[in-house]
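Asks: What follows is a predicted protein model with its sequence.
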Amino acid sequence: MPDAPLNAIVTGAARGIGKAIALRLAKGGMNVVVSDIMGEEADKTAREVEKLGVRALAARSDVAKAADAGELVKRTVAELGSVDVLVNNAGITRDNLSIRMGEADWDLVLGVNLKGTFLCSQAAAKEMMRKRFGRIVNLASVSGILGTAGQANYAASKAGVIALTKSMARELGARNITVNAVAPGFILTEMTEKLPDSVKEAYAAQIALKRAGTPEDVAEAVHFLVSPAAQYITGTVLNVSGGLLI
């Protein structure tokens, strides 16, 4: 591990799970680049990160665009000196039954969730290879393992993220770069809080721990995977579902 504080990029970090990850990495002493398509909210999160005593940058980025992914990495190197950690958290949903799903919704979800993860990883890996050090964590989902009715596009994108994780882990391991994934289950975020209580109770009933997870639960798993304690772990998918997936 480098002696200097690590520099981390977290995509989709303006709120929810991404914000929790950004704050957790900052508490661990890392400088954080808060990347999100929602620029104003990214600025707010970056200010919260700075209050923890580390450097923070806010970057308005559309990860599905190669130019944005490249510029995100380029700016991080220019202003912080390196990219040591990349957390690919940016993701969206556009739910519908497969037979009713429009092509645009399929392309949009695959573009952000899978292509965005690939583009950011590709750009960051080139910098990490020069230093012979790096930590990449991709946010997958139990949906990418189990499948979810009404979310064929989302489940397919997250299954792709898992395969991408394993492939890049094999490619980059010789350069001391680990690539892992975290697969959350039912997590309480701004999105899921809007669900009816009956739906949330139905989800909780399927979970061994009988409760939904929190963004902080996911953030702790991500922090572990980028820490020295996980230096011999790569190509794995860490299930953070409270026992929804056993």
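Replies: Arrived safely.

Asks: Who are the contact partners of the residue positioned nearest the centre of the chain?
Replies: The chain has Asn89 as the residue nearest its centroid, 2.2 Å off, counting by CA atoms, centre = their mean. Neighbouring residues of Asn89 by CB atoms under 8 Å, 6 or more residues apart in numbering: Val10, Thr11, Gly12, Ala13, Ile17, Gly18, Ile21, Leu139. Heads up, the C-betas are built off the backbone N, CA and C, glycines and all.

Asks: ok, it to Ala14 distance?
Replies: Look at Asn89 and Ala14: by CB to CB, to the nearest Å, they are 10 Å apart.

Asks: what's the span of stretch 161-180, first residue to last?
Replies: Counting by CA to CA, to the nearest Å, you get 10 Å between the two ends of stretch 161-180.

Asks: Now do the buried residues in that stretch.
Replies: Buried residues in stretch 161-180, counted by 16 or more other CB atoms under 10 Å: 161-162, 164-166, 168-169, 172, 176-180.

Asks: Pull the residues that contact it.
Replies: 88, 113-114, 117-118, 121, 125, 128-129, 132-140, 144-145, 181, 183, 225, 230-231, 233-238.

Asks: just to revisit the earlier point, just the ones of the buried residues of stretch 161-180 in helices?
Replies: In helices, judged by DSSP state H, the following of these are found: Val161, Ile162, Leu164, Thr165, Lys166, Met168, Ala169, Leu172.

Asks: circling back to that earlier point, so which of the contacts of Asn89 comes closest to Ala42?
Replies: Nearest to Ala42 among the contacts of Asn89: Ala13, at 6.8 Å, using CB to CB.

Asks: Which helix or strand contains the closest one?
Replies: In the assignment (DSSP states H and E), Ala13 maps to no helix and no strand.

Asks: give me every residue that touches the closest residue to Leu188 other than its chain neighbours.
Replies: Leaving out its chain neighbours, the residue that sits closest to Leu188 by CB to CB, 6 or more residues apart in numbering is Ala212, at 4.8 Å. Contacts for Ala212 (CB under 8 Å, 6+ apart) come out as Phe186, Ile187, Leu188, Thr192, Lys200, Tyr203, Ala204, Gly242.
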